[in-house]
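*Asks:* sequence and predicted model, in that order:
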Amino acid sequence: MMKSNRLSDGNADHDVAFYVALDENFQKVSAVEALKIKARFPKAIFYCPKCYNIDPNNKTRVYPSSHNPPRFNRWDGKSHLESCQYKNAGQYLRAISQKIQVSINGRNIQLSLMPYEGRGIVNKALGVRMKNYTREDNRKFMELIKGILTDFEMKYFQRKYNSYKVGCEDGTSHSFKKLFTSIDNAKANFKPYEEKLNIVVGQVKEAIRNDHYILLSMDASRSPYELYLSFDRFFYHFDSLSQLARKRIASMGYIQKQRDGLYIMEIGSMPHQVAILDDEPIHLSPSIQETEISSFLKQLTAGLHPIKAEDFYRSYYQQKLEQLQVSVNSEIDTLKERIKQVEKEKLENREQRMKVEEKLSKIRDDLSETERQIKTANDILADLRQKMNMAQSEINQLERESQSWLNWVRNLIDRRTFKMIRFKIELNKGEMMEYKRRQEEEKRRLDSLENDRSILKNKLQMNEKESSALQDKIKVLDERSFELDREIEKWKQELKRIKDQAEREKELKATYQFHGQLYELVVNPNWSVLIDLQLVHQNRSMDGLIGSYLVQKIENFYLPYEYHHKTKSAKSSYRRTIQSNRYHTIEKMTDAIQFKLSEDVWQLYSLISE
């Protein structure tokens, strides 16, 4: 009823026994477990997994054998599908190839894998290595390997597929026998080909973390050498890789021997280099690990003070302007009030001076009139003196005429008697008396006028002094008003100056664009270097964008170096892009970032130490 199976070269009709099948619920079950189930449930049914995968409507019944170890065989009278791997491995390979659009010409698989010789690649920059690791044909080939090695023992794989060949990018073609090794059944003295393309099949033991990498340790309990798959911690998460523990995988890459005798294979991209030989889906494409980036940033920026971009853009002069605005407005208001008081005082003094000038005008008029009257009085006195002199002269003449005999004869001749002469003398004396009286009267009036003049002159002098004092006071007030106006203008100019500085600061700072986290490196109490650090990651590459800027520190505000200094011969800032793909590992890239930062900071420090 049951048929014993024999092996074939992949084209014969003889079936292959297998150790995993599907139970009645189409769940995978091992032959050992199937025997136990059969013992409890004799009518339990099992199916070929390969036939079911090809056509779910075709359920080829199989049974667990009693061999040691047990395997599944098909029932007599039942037949695997023609393209079932357990019946015809070559036809199954072609069926799988068609699904993933891989051409096969005879026993040549029409793909171009990464170069067979890895010596010129393994020591190149990460970008070069990743370019080779992530070839699309690598991914297709690993998908093909997953299809033919899942639930297919390595010994059968070697017998069925060893003669197949696949091409490499360097133009060479290599057989599966040369490329594939099993770490489980390697010969005692076997050693992998160093720095050449290897495809190793085995079971993962555990994931191990160190400072630079995550390692997958392959189970070497039956192997003459220890192999570790190396993953960059910036691309893969430890917990995700830990899911591969006790999973059977095939890994493709270049193996390098370490000083401690261990063998390392770098895995840059899981989909392109690793086939997980298990139906359980585990998706482990490389992607930048944010937690590792955060850890890196923490180490890189140890000793630096993180700040926000807003801290830099805060304007020192704008704050000063706002503070000054308040005090200036208050000061200007005070000055304007004082000007108002000064103007009021000036007005009062002008009004008072106008009154004084009116009084002065009247006094001058009175004085002028008094002077005119004094002149008139003096003229009258002079006229009276003249008349008195004339009358006296005539009296004297008449006296002489009355005393001489000669004059007496003449008087007789002229018919003038003595009496007549005496009368005329008396008449002149009477006039003299009248002139004298009038003279005395005019003198008294003159004395009164001169007294009035003296009083008026005193009043004039006093009022002129008062007017002059008021004029001087008005002049002082004018000068004070001018000074106050100048002081207001001075405050306005200061306000404008600070406003212009604030505008210049704003315009200058607007030219600074920060893209990442900003840190402050304090050089001295007055100077700092601001460091802009951003890690940009796309797919499997990462760029370190770093900027360093020399700034002056004033009252916890930042001013760019060039705000107060000319920068013709030296730069006051640096911006650099450091690409991870230019370095052997991202770890090396981080070393480059640290080196460049140190170099830039030293250059900036030299600007303020000259």
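*Replies:* Nice, I can see it. Numbering: from 1, shown residues only.
*Asks:* from the chain's centroid, how far away is stretch 450-469?
*Replies:* 80 Å (Cα atoms, centre = their mean, to the nearest Å).
*Asks:* identify each buried residue in that stretch, please.
*Replies:* 452-453, 456, 459-460, 463, 466-467 (16 or more other Cβ atoms under 10 Å). Where C-beta positions appear, they are placed from N, C-alpha and C, glycine not excepted.
*Asks:* in strands only, show me the residues you listed.
*Replies:* Within those, no residue falls in strands by DSSP state E.
*Asks:* tell me which of those residues is nearest to residue 149?
*Replies:* Among the buried residues of stretch 450-469, residue 467 lies closest to residue 149 (Cβ to Cβ), at 122.8 Å.
*Asks:* so how far is residue 359 from the closest one?
*Replies:* As judged by Cβ to Cβ, to the nearest Å, residue 467 and residue 359 stand 9 Å apart.
*Asks:* got it, and residue 253?
*Replies:* For residue 253 relative to residue 359 (Cβ to Cβ), the value is 118 Å.
*Asks:* wait, doesn't residue 388 sit right on residue 438?
*Replies:* No - contact criterion Cβ atoms under 8 Å: residue 388 and residue 438 do not qualify, at 9.6 Å.
*Asks:* look at those two and report which has more neighbours.
*Replies:* Between residue 388 and residue 438, residue 388 has the larger neighbour count (other Cβ atoms under 10 Å), namely 19 against 16.
*Asks:* can you give me the helices in the stretch 201-350 of the chain?
*Replies:* 238-242, 270-273, 290-300, 309-313, 316-403 (DSSP state H, counting those that start in this stretch).
*Asks:* ugh, typo on my part, it should be the stretch 1-150 of the chain
*Replies:* 31-40, 49-54, 89-99, 126-133, 136-149.
*Asks:* turn the ones you listed into JSON lines, columns for mean pLDDT.
*Replies:* Below are the helices of the stretch 1-150 of the chain laid out as JSON lines (pLDDT from 0 to 100):
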{"stretch": "helix 31-40", "mean pLDDT": "94"}
{"stretch": "helix 49-54", "mean pLDDT": "91"}
{"stretch": "helix 89-99", "mean pLDDT": "93"}
{"stretch": "helix 126-133", "mean pLDDT": "90"}
{"stretch": "helix 136-149", "mean pLDDT": "95"}
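*Asks:* to residue 378, which of the ones you listed lies closest?
*Replies:* The nearest among the helices of the stretch 1-150 of the chain, by Cβ to Cβ, is helix 126-133 at 125.7 Å.
*Asks:* send the alpha carbons of that closest one over as CSV?
*Replies:* The C-alpha trace of helix 126-133 is given here as CSV (Å, rounded to 0.1, in the frame of the first residue of the first chain):
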residue,chain,number,x,y,z
LEU,A,126,29.5,51.7,2.5
GLY,A,127,27.8,53.2,-0.6
VAL,A,128,29.8,51.0,-2.9
ARG,A,129,29.1,47.9,-0.9
MET,A,130,25.4,48.7,-0.6
LYS,A,131,25.3,49.2,-4.4
ASN,A,132,26.5,45.7,-4.9
TYR,A,133,24.4,44.2,-2.1
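*Asks:* now do it and helix 136-149, the angle between them.
*Replies:* 50 degrees (axes from the mean of the first three to the mean of the last three Cα atoms, to 10 degrees).
*Asks:* elements contacting helix 126-133?
*Replies:* Under the contact definition 3 or more Cβ pairs under 8 Å, 6 or more residues apart in numbering; DSSP states H and E, helix 126-133 sits against strand 541-554.
*Asks:* ok, residue 543 touching residue 533?
*Replies:* No - contact criterion Cβ under 8 Å: residue 543 and residue 533 do not qualify, at 11.6 Å.
*Asks:* higher neighbour count, the two?
*Replies:* Comparing residue 543 with residue 533 by other Cβ under 10 Å, the one with more neighbours is residue 533, at 22 against 17.
*Asks:* Provide the strand pairings for the helix or strand harbouring the more buried one, with the direction of each partner.
*Replies:* When elements are assigned from DSSP states H and E, residue 533 belongs to strand 527-538. As defined by DSSP bridges, the strand partners of strand 527-538 come to strand 517-524 (antiparallel), strand 541-554 (antiparallel).
*Asks:* tell me who's in contact with the spatially closest residue to residue 604 that is not a sequence neighbour.
*Replies:* Take residue 604 and drop its neighbours on the chain: the residue closest to it by Cβ to Cβ, 6 or more residues apart in numbering is residue 550, 4.3 Å away. By Cβ atoms under 8 Å, 6 or more residues apart in numbering, the contact list for residue 550 reads 527-529, 560-561, 572-573, 604, 607-608.
*Asks:* coming back round to it: residue 253 and residue 359: who's more crowded?
*Replies:* Per other Cβ under 10 Å, whichever of residue 253 and residue 359 has more neighbours is residue 253, with 26 against 16.
*Asks:* what distance do you get for the more buried one to residue 122?
*Replies:* In terms of Cβ to Cβ, residue 253 sits 9 Å off from residue 122.
*Asks:* now do the shared contacts for these two.
*Replies:* Joint contacts of residue 253 and residue 122 (Cβ under 8 Å, 6+ apart) are residue 266.
*Asks:* alpha carbons only: can I get stretch 117-124 in PDB?
*Replies:* C-alpha atoms of stretch 117-124 as PDB (Å, rounded to 0.1, in the frame of the first residue of the first chain):
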ATOM      1  CA  GLU A 117      35.400  38.300  -6.100                       C
ATOM      2  CA  GLY A 118      34.800  40.400  -3.100                       C
ATOM      3  CA  ARG A 119      38.300  41.600  -2.300                       C
ATOM      4  CA  GLY A 120      37.800  44.800  -4.200                       C
ATOM      5  CA  ILE A 121      34.500  45.400  -2.500                       C
ATOM      6  CA  VAL A 122      34.600  44.500   1.200                       C
ATOM      7  CA  ASN A 123      37.000  47.400   2.000                       C
ATOM      8  CA  LYS A 124      35.200  50.000  -0.100                       C
END
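*Asks:* quick one: mean pLDDT for that stretch?
*Replies:* For stretch 117-124, mean pLDDT is 91.
*Asks:* 42 is where my numbering starts, stick with that
*Replies:* Okay, residue one is now 42; in that scheme the one you just asked about reads as stretch 158-165.
*Asks:* next, the buried residues of that stretch.
*Replies:* Buried residues in stretch 158-165, counting neighbours by 16+ other Cβ under 10 Å, are found at 159, 162-163.
*Asks:* and which of those residues is nearest to residue 264?
*Replies:* Closest to residue 264, out of all of the buried residues of stretch 158-165 and judged by Cβ to Cβ, is residue 159, at 21.1 Å.
*Asks:* distance from the chain centre to stretch 420-431, please.
*Replies:* 110 Å.
*Asks:* got a list of what residue 614 touches?
*Replies:* 588-591, 601-602, 645.
*Asks:* for the protein, longest helix please?
*Replies:* helix 459-551 (DSSP state H).
*Asks:* and residue 459, what pLDDT?
*Replies:* For residue 459, pLDDT reads 59.
*Asks:* oh, I was asking about residue 608
*Replies:* 59.
*Asks:* who's in contact with residue 315?
*Replies:* Per Cβ under 8 Å, 6+ apart, neighbours of residue 315: 183, 270, 290-293, 308, 325.
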